[in-house]
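1. predicted model and sequence below, questions to follow.
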Amino acid sequence: MKIGVIGGGAWGTALAQVMASGGNDVRLWAREKEVVSVINSVHRNTLFLPDCPLSERITATGELGWVGETDAILVVTPAQHMRTVLEGLPDNGRPLILCSKGIEAGSLKLLHEVAHEVMASSPIAVLSGPTFAHEVAAGLPTAVTLASADEELARDLAERIAQPTFRPYATGDVAGAEIGGAVKNVLAIACGVVDGAGLGQNARAAMIARGFAEMTRFGLARGARVETLGGLSGLGDLVLTCTSTSSRNFSLGVGLGEGKPARELLEDRRTVAEGAATAPVLREAASEAGVDMPITQAVCALLEGAQVRPVIDALLNRPLRAEGV
Ligand SMILES: NC(=O)C1=CN([C@@H]2O[C@H](COP(=O)(O)OP(=O)(O)OC[C@H]3O[C@@H](n4cnc5c(N)ncnc54)[C@H](OP(=O)(O)O)[C@@H]3O)[C@@H](O)[C@H]2O)C=CC1
Ligand SMILES: O=C(CO)COP(=O)(O)O
């Protein structure tokens, strides 16, 4: 197969490498000329995935139209740039697999809704799960959720992109797959804060469990299925991202927990911490859906400059309630 990949960050590059290792020819679109040039000349993405030698089956390009002429296209831009990038892609009926994690600011739309608006003729699927790019690129075993409203398409794409150490599990629950990936980034910031502020491992486990309750409440309100939220793209990714400093979102939270200002932590980043963009969008979407998301609100407050201690005290002083979603 010929596979297109849109986005030359760590995740786009890792996915390109997995697809190429399975014998596919890969066309990888990157926005920056420097990324295109370095991938084609030294077969390495020295900016975003420096430690992984890349297959010669990967050709980087700045031409979206050329990437559009492939059998399936993985879309791996930061969530907030997806709409603009898709507007430059021909809507020619090739399946799009969305691999980014977030909710669009302003419209409060999930990314498959955005893609459907821009690419009305192209079948849409979502790939999400516990997937640190550097591990996937190194060929370490990884399992993901592959969702499409057309379940036959999900199963077909899963067959076509599976590799010996890369296992997609098909589902028809697109909203569930997307909500897990978007919400866990916000919760990873919260867990990082717990670590940075030295609140201990009990507190982190509590944050993961109550965070999952929060994810479930929001997911159910937006039509997700509970088994998807409890699967790879929900609970699986939540556990991964909330327990590792390899996560950019968790690391951002550690800095916040140590009392560093959010502006300073976000200013110099070249890589994305999607949770910082998703948190205020999620707060708004939750309020619109009438869903209580206290951890998300706490993360927003910290990103907006609140001090750590009062934010934690406010969470701890919430009225006691019965356990459950
Ligand atoms: N890294 C990971 O382990 C995983 C990441 N993801 C998700 O994948 C998505 C991409 O993340 P990742 O690959 O890590 O990104 P990185 O942080 O590695 O790289 C940043 C990316 O942002 C791109 N970018 C910056 N500004 C723009 C813009 N205006 N328009 C289009 N692209 C822009 C850069 O493109 P360019 O190089 O062309 O400038 C580059 O590809 C995110 O939604 C993330 O949550 C999902 C699973 C795992
Ligand atoms: O989504 C990811 C792992 O599944 C990557 O997490 P971070 O963006 O927090 O690094």
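-> It's in. Ligands and ions are numbered 1, 2, ... in the order given.
2. any idea how far Gly9 is from the residue most central in space within the chain?
-> The residue lying closest to the centre of the chain (CA atoms, centre = their mean) is Lys101, at 2.7 Å. Counting by CB to CB, to the nearest Å, the gap from Lys101 to Gly9 is 12 Å. Just so you know, the C-beta spots here come from the backbone N, C-alpha and C atoms, and that holds for glycine as well.
3. please apply the same query to Met215.
-> 24 Å.
4. same deal with Arg83?
-> Arg83 sits 17 Å away from Gly9, taking CB to CB as the criterion.
5. more neighbours: those two, which one.
-> Between Arg83 and Gly9, counted using other CB atoms under 10 Å, Gly9 has the larger neighbour count: 22 against 18.
6. report the contact partners of that one.
-> 48, 76, 78, 271-272 (CB atoms under 8 Å, 6 or more residues apart in numbering).
7. return the closest of the residues you listed with respect to ligand 2.
-> Nearest to ligand 2 among the contacts of Gly9, counting by CB to the nearest ligand atom, is Val272 at 6.7 Å.
8. what about the helices in the stretch 151-300 of the chain?
-> For the stretch 151-300 of the chain, the helices defined by DSSP state H, counting those that start in this stretch occupy 151-161, 174-196, 201-221, 226-229, 237-241, 248-257, 262-267, 274-289, 294-303.
9. the longest one close to ligand 2?
-> Put plainly, it is helix 174-196. Yes. Helix 174-196 comes into contact with ligand 2 (CB under 6 Å from any ligand atom), by way of 185, 188.
10. just the third one next, same as before
-> No. Helix 201-221 is not in contact with ligand 2 by CB under 6 Å from any ligand atom; minimum separation 14.0 Å.
11. Thr278 and Ala188 touch, don't they?
-> No. Using CB atoms under 8 Å, Thr278 is not in contact with Ala188; the gap is 10.5 Å.
12. pick out whichever of these two has more residues nearby.
-> Ranked by neighbour count (other CB under 10 Å), Thr278 and Ala188 place Ala188 first, with 31 against 28.
13. what sits against the residue nearest to the centre of the chain?
-> By CB under 8 Å, 6+ apart, the contact set of Lys101 is 79, 128, 178, 181-182, 184-185, 274, 278.
14. equivalent analysis for Gly102, please.
-> Here Gly102 is in contact with 78-80, 111, 182, 185, 274, 277-278, 281 (criterion: CB under 8 Å, 6+ apart).
15. of all these, which comes closest to Asn24?
-> Using CB to CB, Leu111 is the member of the contacts of Gly102 that lies nearest Asn24, at 23.5 Å.
16. give me the number of residues near the closest one?
-> Leu111 has 27 neighbours, counted by other CB under 10 Å.
17. wait, isn't Leu235 in contact with Leu229?
-> Yes. Counting by CB under 8 Å, Leu235 does reach Leu229; the two are 7.0 Å apart.
18. what do these two both touch?
-> Overlap of the contact sets of Leu235 and Leu229 (by CB under 8 Å, 6+ apart) consists of 180, 212.
19. secondary structure class for Arg27?
-> Classification of Arg27 using DSSP: H, G, I helix; E, B strand; the rest coil returns strand.
20. before we move on, back to that, distance to Leu89 and pLDDT for the contacts of Gly102 - can I get that in TSV?
-> Shown next, in TSV, are the contacts of Gly102 (distance: CB to CB, whole Å; pLDDT from 0 to 100):
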residue	distance to Leu89	pLDDT
Pro78	16	98
Ala79	16	98
Gln80	17	98
Leu111	14	98
Ala182	22	98
Asn185	25	98
Glu274	21	98
Ala277	22	98
Thr278	23	98
Val281	23	98
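21. are any of those residues buried, and which?
-> Burial by neighbour count, 16 or more other CB atoms under 10 Å: within the contacts of Gly102 this picks out 78-80, 111, 182, 185, 274, 277-278, 281.
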